[in-house]
Structures are given as C-alpha cells and as structure tokens.
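Enquirer: prediction below, plus the sequence it came from.
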Amino acid sequence: MSDETQALRLLGEMERLQRAEDLELAEPSPTAAADAPMTALLASLVENDFDLGRTIVDSANGA
C-alpha cells in the first residue's frame, strides 16, 4: 500500500470518527429525562439546606 493510499485511508477513518462524535454530541443523553426528577430533588434539598443554614446563622446573630 502506498503512502498516499494509507494517508487517504487514515483521513477517511478520521472523518468517519468525527461524524460519529458529532452525532453523539447532537443526541440528547438517554438518561437526561430519567435524571430530571432526581436533579430537581437534589436542587430542592440544597436550596432547603441553604435556607436552614441562613436561618441558623440569623438566629445566632440575633436577627
């Protein structure tokens, strides 16, 4: 196999891999919909924890 043929074959493989990667990035995550409720729950817990922490600090400061 000549160097030119080998280079063209390698270039073709690189282009194929790039297209596959582009398609993969364009597709939504298959677990995104399933993870949404857990993400919302965690966000709510963090917000509640922050509010509780702020209440404790305010109480300690006499507010």
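Expert: Sure thing, it's come through.
Enquirer: quick one, domains of this protein?
Expert: According to automatic domain parsing, the chain comprises the domains 1-30, 31-63.
Enquirer: export the ones you listed to CSV and tack on mean pLDDT and mean neighbour count?
Expert: Where C-beta positions appear, they are placed from N, C-alpha and C, glycine not excepted. CSV is the format used below for these (pLDDT from 0 to 100; neighbours: other CB atoms under 10 Å):
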stretch, mean pLDDT, mean neighbour count
domain 1-30, 81, 9
domain 31-63, 83, 10
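Enquirer: all helices for the chain, in order.
Expert: Listed in chain order, the helices of the chain (DSSP state H) span 3-26, 32-60.
Enquirer: look up the closest residue to the residue nearest the centre of the chain, ignoring the ones flanking it.
Expert: Geometric centre of the chain, nearest residue: residue 29, 8.5 Å, by CA atoms, centre = their mean. Nearest non-adjacent residue to residue 29, counting by CB to CB, 6 or more residues apart in numbering: residue 35, 7.8 Å away.
Enquirer: one more: residue 9?
Expert: residue 1 (7.9 Å).
Enquirer: and the gap between that neighbour and residue 61?
Expert: Separation of residue 1 from residue 61 (CB to CB, to the nearest Å) stands at 77 Å.
Enquirer: can you check residue 2 too?
Expert: In terms of CB to CB, residue 2 sits 79 Å off from residue 61.
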